[in-house]
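S.K.: sharing a model that was predicted from the sequence below.
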Amino acid sequence: MHLNQTAKVLAFVASLCVGGYNIIGQNLAAIGKERPLKISGGASLSQIVYSASGIQSRRAPYTYYGSGNINFSFYGWNVPLSFAFSNLNTTFQQPFNQYSVHPTYKWVTGHFGYISMSYSPYTVSGHIFLGAAIDLAPEGKFKFSALYGRFMKAVQPDTLAANPPLAAFRQMGYGFKASYGSNGDNVDLIVFHAKDDVNSIRYVPEKDDILPQENLVMSIAAGKTLFKNFLLKAEFATSAMARDIRAPEGERVTNMLSPVAFLYTPRISSSYYHALKSSFAYQGNGYTVGVGYERVDPQYRTLGAYYFNNDLENITANAATAILKGKVNFAVNIGTQRDNLDQSKVSTMKRVVGSANIGYVPSQRLNFALSYSSFQTYTNIRSQFININQLTPYDNLDTLRYTQLSQNATLTTMYVLRQNKEKRQSINMNLTYQGAADKQGGIPQNSGLKFYNANIAYSMSLVPQNMTVSVSFNGTASRSVQSNTATFGPTIAVSRAFFDKKFRVTASSSANKSYADSMLLTTITNGRLTGSYIIQKKHNLNLSLVVVDRHNNVVGGAQSFTEFTGTLGYSYSFGR
């Protein structure tokens, strides 16, 4: 047998018999056309020295740290290994706990081992299982996917252990997704079924509320383009959940699941839930508008996902446009959300979210960007006892209505002073505001907070010298009922590259003062020097020296101190 044929046979056998490797995307069509084995990886070693004056040392005076990784690739079959060591601890990681293989041949892709699939948020969404799946994507209008495997491993109950693990049934599941798409129109049909094996553990631990379940989910999604400008999308899903498959059988319910009802056994413990998501958008000449609606029944759940948000109704609207030949762009979004759809909870929460973004580019040298968002949460707590016991309209203000408001606004601008082959100069400015406030019973509370941040920076690049100089000033302030604080100060940095940009040195320094209620608390000054040198693209040497000096201006406050940290590192990479 020729060497080329031997390599093909070995690759095929390995793809079938793999057990214990993390494997990513094998293209079987590449067998015999590329180098069979590729090895890549790297290693690094760092040494850190530290000293402190005025306070107790917060780390060891000397630390070394090394790490490395190596990856063996056989026709895309990857086996990565990594290690790390230091004078504090040593670790080694290998990928043999979970494995997967994803061979591809033309329009067929297989998935074997520990894998996850995502069909839609209401059916199968990222749950890891041990099994197999396939994706068929031939040229044309139809596509198909299917999966089968173990979604939960059986965990035996152990009442004698000091910290007994939470018992679990072995859970098997299967599903498929069939899709049709043509000229912007599409239809997706998804079916997923999962069931616990009641005989997979010795007994059912009733006190842990662990019951064997069965779940059948069906989803239909569609998208339609109308008159080239209208786009309509919708997905409707129904989930049947049997809380205890040991319960007696119940009557079959006529709903969307009826065509696949033979896959599921209805019981008196069964419940049926629905989820709907739709959107409508219109794209005109230079603008778009759209609305969206989502409703998920309380307790809606699928065993194809780890966690699911339910009991919610969302209504959203959005619009975007560009005017003045694209120099001005404007976008706005607004939405509401509420829960307690079946009125079974004592409290009802409503949220209102809105945002707006404006971008203005009057020239190639100047641009502005302004964004604003507002978040409002309204909670109403009602019970029959409140109505019975209330004597005046002012009773129970802390439990009836609670409103939380938050606002965010950001302004960013940049102006290019000069830009040519010799020099580039620019000024950047950022202003940020954040505010939060509370109301109870319509009465403002003394718990609001306002935060301000301002940053202005000047940068100059000398292109022939490979040199950059920047100067900036940053300030922050917060206002609350308890106190007002502020921190501000300048920063300067110089960076230059030498030897065809293989060696780069950067020096920077900053000084910041912190105030509380107009009283100077601390002054912090730091200096930083860093350098890196690249040798033959594979070797890298780097050095970092940092000094921080903190001076306390309040008698009886925190100690003043000075810290120094130096880091010398080396890294090497190969096979890339």
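M.R.: Alright, I've got the coordinates.
S.K.: for the rest of this, base every contact and every neighbour count on C-alpha atoms.
M.R.: OK.
S.K.: show me where the stretch 201-350 of the chain has strands.
M.R.: 214-226, 230-242, 270-283, 287-296, 312-323, 328-338, 347-363 (DSSP state E, counting those that start in this stretch).
S.K.: looking at the last one now, give me its mean pLDDT.
M.R.: What strand 347-363 shows for mean pLDDT is 90.
S.K.: now do it: everything it contacts.
M.R.: Contacting residues not belonging to strand 347-363 are listed as 327-340, 367-382 [CA atoms under 8 Å, 6 or more residues apart in numbering].
S.K.: got the angle between it and strand 312-323?
M.R.: Angle of strand 347-363 versus strand 312-323, following axes from the mean of the first three to the mean of the last three CA atoms, to 10 degrees, is 10 degrees.
S.K.: and residue 411, how far is that from residue 487?
M.R.: Distance of residue 411 to residue 487, given as CA to CA, to the nearest Å: 20 Å.
S.K.: ok, now how distant is residue 323 from residue 412?
M.R.: In terms of CA to CA, residue 323 sits 20 Å off from residue 412.
S.K.: neighbour count winner among those two?
M.R.: Neighbour count, other CA atoms under 10 Å: between residue 323 and residue 412, residue 412 has more, with 17 against 12.
S.K.: how about that one, what does it touch?
M.R.: Residue 412 touches 368-370, 428-431, counting by CA under 8 Å, 6+ apart.
S.K.: where's it, which helix or strand?
M.R.: strand 401-419 (DSSP states H and E).
S.K.: next helix or strand past that strand?
M.R.: Sequence-wise, the next helix or strand downstream of strand 401-419 (DSSP H and E) is strand 423-440.
S.K.: what helices and strands are in contact with that next one?
M.R.: If contacts are counted by 3 or more CA pairs under 8 Å, 6 or more residues apart in numbering; DSSP states H and E, strand 423-440 sits against helix 397-400, strand 401-419, strand 449-462.
S.K.: what mean pLDDT does it get?
M.R.: Averaging pLDDT along strand 423-440 gives 88.
S.K.: try stretch 264-282
M.R.: Mean predicted confidence for stretch 264-282 is 92.
S.K.: next, the buried residues of it.
M.R.: 264-267, 269-282 (16 or more other CA atoms under 10 Å).
S.K.: for stretch 151-158, same thing?
M.R.: Under 16+ other CA under 10 Å, the buried positions of stretch 151-158 are 151-154, 156-157.
S.K.: show me the residues you listed that map onto strands.
M.R.: 151-152 (DSSP state E).
S.K.: let me know the closest of the buried residues of stretch 151-158 to residue 199.
M.R.: residue 154 (9.8 Å; CA to CA).
S.K.: so where do the helices sit in this structure?
M.R.: 3-17, 384-389, 397-400 (DSSP state H).
S.K.: I'd say residue 192 and residue 176 touch.
M.R.: Yes - if you go by CA atoms under 8 Å, residue 192 and residue 176 touch, sitting 6.7 Å apart.
S.K.: show me the contacts for residue 315.
M.R.: Per CA under 8 Å, 6+ apart, neighbours of residue 315: 291-294, 335-337.
S.K.: beta-bridge partners for it, please?
M.R.: Note on residue 315: beta-bridge partners residue 293, residue 336, judged by DSSP bridges.
S.K.: from residue 336, how far out is it?
M.R.: Counting by CA to CA, the gap from residue 315 to residue 336 is 5 Å.
S.K.: cool, residue 154 as well?
M.R.: 42 Å.
S.K.: re the thing from before, report the buried members of the contacts of strand 347-363.
M.R.: Buried, going by 16+ other CA under 10 Å: 328-340, 367-379, 381, out of the contacts of strand 347-363.
S.K.: ranges for the strands of the stretch 51-200 of the chain?
M.R.: 62-74, 77-86, 90-93, 100-101, 103-105, 108-118, 125-136, 142-152, 170-182, 185-197.
S.K.: where does the stretch 301-450 of the chain dip in pLDDT?
M.R.: 380-402, 439-447 (pLDDT under 70).
S.K.: change it to 90
M.R.: For the stretch 301-450 of the chain, the stretches flagged by pLDDT under 90 are 306-310, 312, 323-326, 337-353, 364, 374-406, 418-422, 435-450.
S.K.: again with the stretch 51-200 of the chain
M.R.: Ranges of the stretch 51-200 of the chain meeting pLDDT under 90: 54-60, 69-106, 109, 113-114, 140, 155-168, 182-184.
S.K.: switch to 80 and redo it
M.R.: Along the stretch 51-200 of the chain, segments meeting pLDDT under 80 span 73-81, 88-100, 158-165.
S.K.: tell me which of the strands of the stretch 51-200 of the chain is the most buried.
M.R.: Stretch with highest mean neighbour count among the strands of the stretch 51-200 of the chain: strand 100-101 (a mean of 26; mean count of other CA atoms under 10 Å).
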